[in-house]
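Participant: just coords:
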C-alpha cells in the first residue's frame, strides 16, 4: 500500500483492498453521506484538479467529490464505497498523479520539508497547504466559483522544477499500469469504473507525450481503450490558451466543462470500458 498517500499503490492483490490510512473512514464521512444521498448517476473522484476543474453545480447527473491532496488509499476507499452502493452507472477516477515509491518521504518530515520536496509533484503549494486547514476542502465550491482572470500566462522555470517528474513519468509505466488494473478491477455489471488522465499544461507534458504514455500503459495491460485522455480532444495549440489554466497544476472549469462532456459521452457510449476479466491480464 501507500501509507503516506503520496502516489498510487503499486501492488495488485486478489483480496479486497485493506485501507491502512489513519482516520480514512472518519475523514470521509461527509463525502460518504453525499454519495449515499445524491440523485446523481455518475461520480467524479480525484484530487484538487478534479475538485477545482470540474464545475458540476448545475449538473444533477454528476457528483464531484474531488478532494484536495487526496491519497491513493483514500481514492480506492471512495471507489469501493461508491461501487458498493450499487446506484451509479459510472465512476470517473483520476488516473494520475503518480509518485515513485523511492520519492516518498518519511511521515516525520515537517511541513517545510514537504513543501520543498519531490512530494510536490502534481500537488501545488496551495493545495498542499489546504490539507493543514481545520476544514479540508472537498467538492467544487458552488458558492465561490472561480472568477474570470487574471489568467495564468506561463509555466515558469520554477514550475518545471517542481513538476519535473512529468519528464520522467514514462519510466514508471508498469507501476501506473498496475494501479490502473487495481482500480478498474472494482467495476461491476452495474457500475462502470473509468480512469481518465486530467489535462496537463502542454509546457509540462505535451499531448503527444501523453499519447505515448497511454500506449505504453496499454501495452503493459494488454488492453486497448483502458484509459480516457484529454489528448483525444485537445491539441497543444488549444491547450496553450491562458484562460484554460488556474496555475501550472490546475485547469480551469472552462476547460473542464468540455472534458467532462467527453467523459460522459464515453461512459454512455460504452466505447471505453474497464477490464472485466482483470484476473487474466498479464503484467510483465
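Facilitator: Perfect, thanks for sending it. These numbers come from a predicted model, not from an experiment.

Participant: So which other helices or strands are in contact with the longest helix anywhere in the chain?
Facilitator: As far as residue count goes, and with DSSP state H defining each element, the longest helix of the chain is helix 253-269. Secondary-structure packing of helix 253-269 (3 or more CB pairs under 8 Å, 6 or more residues apart in numbering; DSSP states H and E): strand 42-45, helix 48-53, strand 90-94, strand 192-197, strand 227-229. Every residue, glycine included, has its C-beta placed from N, CA and C.

Participant: Mind telling me which of the ones you listed the model trusts least?
Facilitator: Mean pLDDT per stretch puts helix 48-53 lowest among the helices and strands packed on helix 253-269, at a mean of 90.

Participant: is it fair to say residue 87 lies in a helix?
Facilitator: No - according to DSSP: H, G, I helix; E, B strand; the rest coil, the state of residue 87 is coil, so it is not within a helix.

Participant: Just give the number of residues close to the closest residue in space to residue 213 that isn't next to it in sequence.
Facilitator: Distances taken as CB to CB, 6 or more residues apart in numbering put residue 170 closest to residue 213, at 5.8 Å, once the chain neighbours are dropped. Counted with other CB atoms under 10 Å, residues neighbouring residue 170 total 14.

Participant: repeat for the one 5 residues further on
Facilitator: Other residues lying near residue 175 total 20 when counted by other CB under 10 Å.

Participant: Can you give me the buried ones in the helix or strand that contains residue 158?
Facilitator: Taking DSSP states H and E as the definition, residue 158 sits inside helix 157-162. By neighbour count on 16 or more other CB atoms under 10 Å, the buried set for helix 157-162 is 159, 162.

Participant: sorry, back to before: go through the longest helix of the chain and flag the buried ones.
Facilitator: With burial defined by 16+ other CB under 10 Å, the residues of helix 253-269 counted as buried are 253, 255, 256, 259, 260, 262, 263, 264, 266, 267.

Participant: what sits against the fourth one?
Facilitator: Just to be clear, that refers to residue 259. Contacts here follow CB atoms under 8 Å, 6 or more residues apart in numbering; on that basis residue 259 touches 54, 198, 199, 230, 233, 234.

Participant: just checking, the second one touches residue 46?
Facilitator: When you say that, I think you mean residue 198. Yes - contact criterion CB atoms under 8 Å: residue 198 and residue 46 qualify, at 6.8 Å.

Participant: closest to residue 42 among the contacts of residue 259?
Facilitator: residue 54 (11.1 Å; CB to CB).

Participant: Look up how far residue 190 lies from the nearest residue to the closest one once chain neighbours are set aside.
Facilitator: Nearest residue to residue 54 in three dimensions, chain neighbours excluded: residue 256, at 4.4 Å (CB to CB, 6+ apart). For residue 256, the distance to residue 190 equals 26 Å [CB to CB, to the nearest Å].

Participant: show me what contacts residue 86?
Facilitator: Applying CB under 8 Å, 6+ apart as the definition, the contact partners of residue 86 turn out to be 188, 190, 191.

Participant: Tell me the most packed of those residues, by neighbour count.
Facilitator: Neighbours here are counted as other CB under 10 Å. On that basis the top member of the contacts of residue 86 is residue 191, with 21 neighbours.
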